[in-house]
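>>> Got a predicted structure plus its sequence, pasted below:
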Amino acid sequence: MAREQLQNLTEPMYYVLLALLQPRHGYEIMQRVATLTDDRVKIGAGTLYGLLSRFHDDEIVQLVSDDGRRKTYHISELGRGLLQKEYLRLQDASRVYTSCMAEAYRERSKNDDKP
């Protein structure tokens, strides 16, 4: 059975793909994710190599070099599309949050004005 296509990215997936906008090997990816998130998101080796394997199998990333010691990966066009789709989904989630918070604030203000 074919692997189901990713619909939404987890946070580690999102940051790994962002890190791979430039070719990087595993340790560089982990460092870049930590830098991008001010150490809020830390990806362990097992998680990272599992993601890279899945991303490579699904053609989301490409292997650009393998010197026997380290493999260097880069995001593919398919991966860029997936990253863009996730970015738009997150933007929409932020928009909905802002709208709901504004509505709740207006309702609370309206109720506070009642005698």
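Sure, I can see it.

>>> ok, H25 touching H74?
No. H25 lies out of contact with H74 (C-beta atoms under 8 Å); the separation is 10.7 Å. The C-beta positions use only the backbone N, C-alpha and C, and glycine is treated the same way.

>>> for the residue nearest in space to the middle of the chain, what are its contacts?
Geometric centre of the chain, nearest residue: Y14, 0.9 Å, by C-alpha atoms, centre = their mean. Listed by C-beta atoms under 8 Å, 6 or more residues apart in numbering, the contact partners of Y14 are L83, E86.

>>> Please apply the same query to L78.
The contact partners of L78, taken as C-beta under 8 Å, 6+ apart, are D58, E59, I60.

>>> can you check R69 too?
No contacts exist for R69 under C-beta under 8 Å, 6+ apart.

>>> Please report phi then psi for it.
When read as degrees, to the nearest 10, the backbone of R69 gives phi -100, psi -40.

>>> can you check I75 too?
As for I75, its main-chain torsions (degrees, to the nearest 10) stand at phi -70, psi 140.
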